[in-house]
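Chemist: one predicted model, sequence on top.
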Amino acid sequence: MKALGRSFIMAFSGYSISPKSKLERNKENCSYILIFIPVIGAIICALINRWAVLFPYMCDFPVLPAVVGAVVPTILSAGAHLDGFFRTTDALSSHKSMEEKLDILNKDAHGGYSSIIVCVCMFLISVGIWSEMPIDGIPILAIGFVMSRALFGLSILTLNHADESKCVSYVPDNPVLRMAEIIILGVLAMIGAYFMVFFNASVGLACVVGALLTFLYYWLVTHKHFGGITEDSAGFFLQLCEINIPLAALLAYKKWW
């Protein structure tokens, strides 16, 4: 029980705006951290849904609600995953050897111009997508914050890790406990998929397909360029997932395919 409590504290300390813990980041304190990260997604989901109820009475134009939808998840997660997206984009755009790319992920503390440009473009695209989203699509997108974090955890538990991967401490040594975490996260992802389809069958299915295609892309890219996943590349996946899910929903609503 102590290990679960410490993992809960470490999850909120590292992946939300809650106060930072003084606990040491090691396998003992982080073995179950992955099952609590989707809880942060559930909090974001609840707040986005509440905002969807309020903003029609507060805002006359779609821009501010769109900015909230695009920015608030990053604020609530303290930019933890965005940092990984930033570093991974920087490494991929360097076009260097695998070892040098890993060095950028693990040691380079500053980003290049390309990663800054990509991040700015990502937020602009996200705002544009949210501004075009029908209000009844927001609950579906909100569920995506839980699904993306469940898939984030599944990737760390199931995919090969690159050399010097920091998130190896998140994987329990006991195979039974590891399988239990995989099952829990898999169930959370499937529950998210169910509710997406429940709210709107075609849009929800598009979102699920978008998330799975993003996961496949993430696996191929990390295997090719890094020899496996790292905590930063997992953050890269989560950020991509949270822009591809709304994009898939918008395409389904607009019937652009």
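Modeler: That came in fine, so what should we check first? Numbering: from 1, shown residues only.

Chemist: what stretches of the stretch 101-250 of the chain score poorly on pLDDT?
Modeler: 108-112 (pLDDT under 70).

Chemist: residue boundaries of the helices in it?
Modeler: 113-131, 138-158, 175-199, 201-225, 231-254 (DSSP state H, counting those that start in this stretch).

Chemist: any chance of the ones you listed in TSV, plus distance to Leu82 and mean neighbour count?
Modeler: For every residue, glycine as well, the C-beta is placed using N, CA and C. Formatted as TSV, those follow (distance: least, C-beta to C-beta, whole Å; neighbours: other C-beta atoms under 10 Å):
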stretch	distance to Leu82	mean neighbour count
helix 113-131	7	16
helix 138-158	13	24
helix 175-199	21	16
helix 201-225	16	18
helix 231-254	6	23
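
Chemist: distance of Phe12 from Leu188?
Modeler: Separation of Phe12 from Leu188 (C-beta to C-beta, to the nearest Å) stands at 17 Å.

Chemist: Ala66: which of the helices of the stretch 101-250 of the chain is closest?
Modeler: Among those, the nearest to Ala66 by C-beta to C-beta is helix 113-131 (3.7 Å).

Chemist: what about Lys22, how many neighbours?
Modeler: Applying other C-beta atoms under 10 Å, we find 7 other residues in the vicinity of Lys22.

Chemist: in three-state terms, label it for me.
Modeler: Secondary structure assignment for Lys22 (DSSP: H, G, I helix; E, B strand; the rest coil): coil.

Chemist: who are the neighbours in contact with the spatially closest residue to Ile243 that is not a sequence neighbour?
Modeler: Distance criterion C-beta to C-beta, 6 or more residues apart in numbering; nearest residue to Ile243, sequence neighbours excluded, is Ser126 at 5.4 Å. Residues in contact with Ser126 (C-beta atoms under 8 Å, 6 or more residues apart in numbering) are Gly69, Ala70, Ile243, Pro246.
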